[in-house]
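Colleague: Fold the following and give me the result.
(4 chains)
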Protein chains: 2
Amino acid sequence: MNTTPPADISVEADECAVRSVDTAKVAAAKARALPLADVERITELFRLIGEPTRVRLLYALVETGEMCVCDLAAVVDAPETSVSHALRLLRMAGIVRTRRDGRMIFYSLTDAHVRLLLDVTTEHLNHTPAQ
Amino acid sequence: MNTTPPADISVEADECAVRSVDTAKVAAAKARALPLADVERITELFRLIGEPTRVRLLYALVETGEMCVCDLAAVVDAPETSVSHALRLLRMAGIVRTRRDGRMIFYSLTDAHVRLLLDVTTEHLNHTPAQ
DNA sequence: GTTATATATGAACAAATATACAGATATATG
DNA sequence: CATATATCTGTATATTTGTTCATATATAAC
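Modeller: Numbers count the residues shown, from 1 in each chain, chains lettered A, B, ... in the order given. As a prediction, this is how the structure comes out:
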């Protein structure tokens, strides 16, 4: 390995001199890095799922297909206003969609993507005891 | 309030009376709901991935296998202290693991789970134009 | 031993975010 | 029309969280 190569140390010409040890590896990682736009979309998706109430709302939709706001509020035992705010974030991100029927608005998952993410993760947790 | 319940409306006996429209669906969703411990673990995982620097760090590890802190800092162009803090969160959650070699500490993904999550999502984004 | 390097840790501060309350909108019903 | 219901929206606040700076630890080299 590159355990003792002081010959490999380099200083980049950026504004804030960044040291790197394995220059080739750094260059390769930079070359294959995700475009910023992709990073933002991925981050936004995971950030939105990463909150307890929203996870439970999404999971309820996975299980039931679609539900109205007040029923979702009943499932997660939270005020309808809070649930409405949470659903709005998920809807604006394209994670859930809405269908109006009279006074009620039914929410459902936009596609199978989030369901897959949750399934993969719950499956993984079943095989990985909590640390 | 509870006088003459029109058909399906019900009021639960909880502390903060929660209305529900489709009682059966609510009951089913509650019955199939994730255990709280699972909700917490899933939430924590997605929350940790849901931040731009950490996404980029994880993606760099996906691409290169393992890297030391200063090289990771070079890749994401952030101060080494920030990267160290970010990596600590990922390590405490069991998402990455460390290997010491001399003065340097090499980080890598603990298992294929996060790689799968990122792959599934980037694949999905490729087929879903930004809204 | 001392010095230099690589990383970790603690604390403080600013920015982001979830939550709760009040009020607004939209639809249904009489 | 007026009233009730289901949901939404705006705002304020309290909590969370990322970042930065200073300091500490651990290893290596001298």
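
Colleague: residues near A:T23, how many?
Modeller: Neighbours of A:T23 under the rule other Cβ atoms under 10 Å in any protein chain shown: 15. Glycine gets a C-beta too; all of them are placed from N, C-alpha and C.

Colleague: and it, how far is that from B:R19?
Modeller: A:T23 sits 63 Å away from B:R19, going by Cβ to Cβ, to the nearest Å.

Colleague: Next, give phi and psi for whichever residue of chain A sits closest to DNA strand C.
Modeller: For chain A and DNA strand C, the shortest gap (Cβ to the nearest atom of the strand) falls at A:G102, measuring 3.6 Å. A:G102 has phi and psi values of phi 70, psi -130 when expressed as degrees, to the nearest 10.

Colleague: Tell me, how many residues neighbour it?
Modeller: Using other Cβ under 10 Å, A:G102 has 6 neighbouring residues.

Colleague: And it, how close does it get to B:H124?
Modeller: As judged by Cβ to Cβ, A:G102 and B:H124 stand 33 Å apart.

Colleague: Could you do A:P129 as well?
Modeller: Taken as Cβ to Cβ, the span from A:P129 to B:H124 is 29 Å.

Colleague: can you check A:R32 too?
Modeller: Taking Cβ to Cβ, one finds A:R32 at 19 Å from B:H124.

Colleague: just A:L72 next, same as before
Modeller: From A:L72 over to B:H124 the distance is 24 Å, taken as Cβ to Cβ.

Colleague: With neighbour numbers in mind, choose between the two.
Modeller: Between A:L72 and B:H124, A:L72 has the larger neighbour count (other Cβ under 10 Å), namely 27 against 18.

Colleague: Now do the contacts for the more buried one.
Modeller: A:L72 sits next to A:57, A:60-61, A:83, A:87, A:107 when contact means Cβ atoms under 8 Å, 6 or more residues apart in numbering or on different chains.

Colleague: Burial check on A:H85, number of neighbours?
Modeller: Neighbour tally, A:H85, other Cβ under 10 Å: 11.

Colleague: what do you get for A:R97?
Modeller: A:R97 is flanked by 14 other residues according to other Cβ under 10 Å.

Colleague: Pull the contacting residues for the closest residue to it other than its chain neighbours.
Modeller: With sequence-adjacent residues excluded and distances taken as Cβ to Cβ, 6 or more residues apart in numbering or on different chains, A:R97 is closest to A:T110, at 4.9 Å. Residues near A:T110 by Cβ under 8 Å, 6+ apart: A:94-97.

Colleague: and if you look at A:T128?
Modeller: Going by Cβ under 8 Å, 6+ apart, A:T128 touches B:94, B:111, B:113.

Colleague: now do 10 Å
Modeller: Neighbouring residues of A:T128 by Cβ atoms under 10 Å, 6 or more residues apart in numbering or on different chains: B:41, B:94, B:110-111, B:113.

Colleague: That one sits in which helix or strand?
Modeller: Counting by DSSP states H and E, no helix or strand carries A:T128.

Colleague: And the pLDDT for it?
Modeller: pLDDT, A:T128: 81.

Colleague: Go ahead and list the helix or strand containing A:V120.
Modeller: Using DSSP H and E, the element containing A:V120 is helix A:113-126.

Colleague: Quick check: pLDDT value at the most centrally placed residue in chain A.
Modeller: Centroid-nearest residue in chain A, with Cα atoms, centre = their mean: A:F46, separated by 1.1 Å. Looking at A:F46, its pLDDT is 98.

Colleague: I'd say it and B:E44 touch.
Modeller: No: using Cβ atoms under 10 Å, A:F46 makes no contact with B:E44, being 11.4 Å away.

Colleague: would you list every one of the helices in chain A?
Modeller: Here chain A has its helices, by DSSP state H, at A:23-32, A:36-49, A:52-64, A:69-76, A:80-92, A:113-126.
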